[in-house]
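Peer 1: my questions concern the predicted model and sequence given below.
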Amino acid sequence: MGGLRTLRFFLLTALVCVNSGPALALTQHRLLRRIAVFPIYQSNIPNAEEAWWQMRGELTKDQRFFVASRRFMVNRGVFQPRQELKNADVVILGKILEAQVLIVSYIEERKLNFKVYDGENGNLIWESVREFDPVLPMGDKIVQVAQQLTDDFIMSLPYQGFVVVDSKQGKPLFEENNQRQAWVYCGKTARFDVGDPLQIIEFTGPTPLLKEGETTVIAEGSIVEIQKERVLASIERMRSGDDIKENALVRFPKESKNLQQAQLNASPPKDASLGPEYLAAEMVPADQIGKRHQSAATSLAFILGLAGMILLAF
């Protein structure tokens with residue numbers, strides 16, 4: 001009887017393990033598009049307003065982001081310089097402005113501080129600071145420093161595009177010419193060539209901070225067609241067809257290397273590390289996805305069925 005109890009306990013434990021999810025909750029970083037930029041605190045410094053316009057300009061120039069206009073922020077009654085924000089204030093402002101991201105900046109001891117918040121939960125996701133020239137008036141450099149900080153934030157994002165739904169097929173992943181394909185929005189200033197590789201990624205971390213995140217590649221492919229601000233990708237390897245969904249994050253390895261080099265060449269140099277990177281172990285050739293899923297489902301059903309019959313026997 002002791003052996004039968006042991007067997008039964010083992011089978012119950014196995015069933016629980018099969019149906020249980022991951023124990024640790026990680027922050028799942030998502031696509032960021034809707035941004036609100038508040039005026040620089042201590043805006044009495046000459047050229048502070050121009051610096052604000054330049055920050056907006058850096059974010060809007062390739063149309064990857066939707067940035068709240070001055071008129072919209074004024075009409076909502078929230079257009080004013082701000083310093084550090086509390087979580088509750090971020091959430092309220094995010095709802096008022098319908099923004100996923102809030103950016104504040106302020107001058108302190110001849111340094112321009114730049115903070116980026118998640119508008120949905122209020123968490124700080126990125127921050128940096130740049131010092132002004134110790135000799136020149138801050139007003140002479142504020143436009144340049146504000147622009148540099150904005151570029152630093154854009155370069156900190158681990159992706160340069162995202163999956164969009166095909167207008168004809170009505171879905172993000174479709175088959176054409178015996179290929180699994182997907183359209184990827186990459187902005188108007190992107191420079192790619194047919195044949196360039198791309199990766200669909202997940203970006204997660206133990207905290208909301210972007211710098212602590214890690215990248216998991218869940219699909220790989222290459223560009224087969226270029227149309228203005230978007231490219232058509234042939235998906236060659238993937239973990240699951242369900243991963244190729246609207247707004248899935250896309251990274252272009254060639255562009256990532258260029259951004260890393262730009263950070264190293266910056267003055268002062270920036271940390272070019274993008275955090276840990278992994279390939280999803282479950283990735284297989286795209287044409288094997290259906291076969292693999294059918295086989296896995298059959299095997300799992302067989303194991304669970306067998307376990308159920310053994311339990312009933314006791």
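Peer 2: Structure received. Numbers count the residues shown, from 1 in each chain.

Peer 1: can you map out the helices along the chain?
Peer 2: Taking DSSP state H as the test, the helices found in the chain are 2-19, 48-60, 70-75, 87-97, 138-156, 253-265, 289-313.

Peer 1: and the second one, what's buried?
Peer 2: By neighbour count, with 16 or more other CB atoms under 10 Å as the criterion, the buried positions of helix 48-60 are 48, 51, 52, 54, 55, 56, 58, 59. All C-beta atoms are positioned from the backbone trio N, CA, C, and that covers glycine.

Peer 1: also the fifth one?
Peer 2: Buried residues in helix 138-156, defined by neighbour count with 16+ other CB under 10 Å: 138, 141-143, 145-146, 148-156.

Peer 1: packing partners of the lengthiest strand in the chain?
Peer 2: Secondary structure of the chain per DSSP state E: the longest strand is strand 214-227. Here strand 214-227 touches strand 179-185, strand 197-205, strand 230-238, strand 277-279, going by 3 or more CB pairs under 8 Å, 6 or more residues apart in numbering; DSSP states H and E.

Peer 1: what's the closest of those strands to residue 88?
Peer 2: strand 197-205 (22.7 Å; CB to CB).

Peer 1: now the angle from the closest one to strand 179-185?
Peer 2: 70 degrees (axes from the mean of the first three to the mean of the last three CA atoms, to 10 degrees).

Peer 1: got any ranges where the stretch 151-300 of the chain has weak pLDDT?
Peer 2: 260-275, 281, 289-300 (pLDDT under 70).

Peer 1: how is this protein partitioned into domains?
Peer 2: The record's domain split for the chain, according to automatic domain parsing, is 27-156, 161-291.

Peer 1: and the helices of the chain, which one is worst for confidence?
Peer 2: Among the helices of the chain, helix 2-19 carries the lowest mean pLDDT, at a mean of 48.

Peer 1: next, count neighbours for residue 81.
Peer 2: 17 (other CB atoms under 10 Å).

Peer 1: for it, which non-adjacent residue is spatially closest?
Peer 2: In space, residue 81 comes closest to residue 41 once its chain neighbours are excluded; the distance is 4.1 Å by CB to CB, 6 or more residues apart in numbering.

Peer 1: do you know the pLDDT at the nearest residue to residue 203 once chain neighbours are set aside?
Peer 2: Among residues not flanking residue 203 along the chain, residue 29 sits closest, at 4.3 Å (CB to CB, 6+ apart). At residue 29, the predicted lDDT confidence score is 95.
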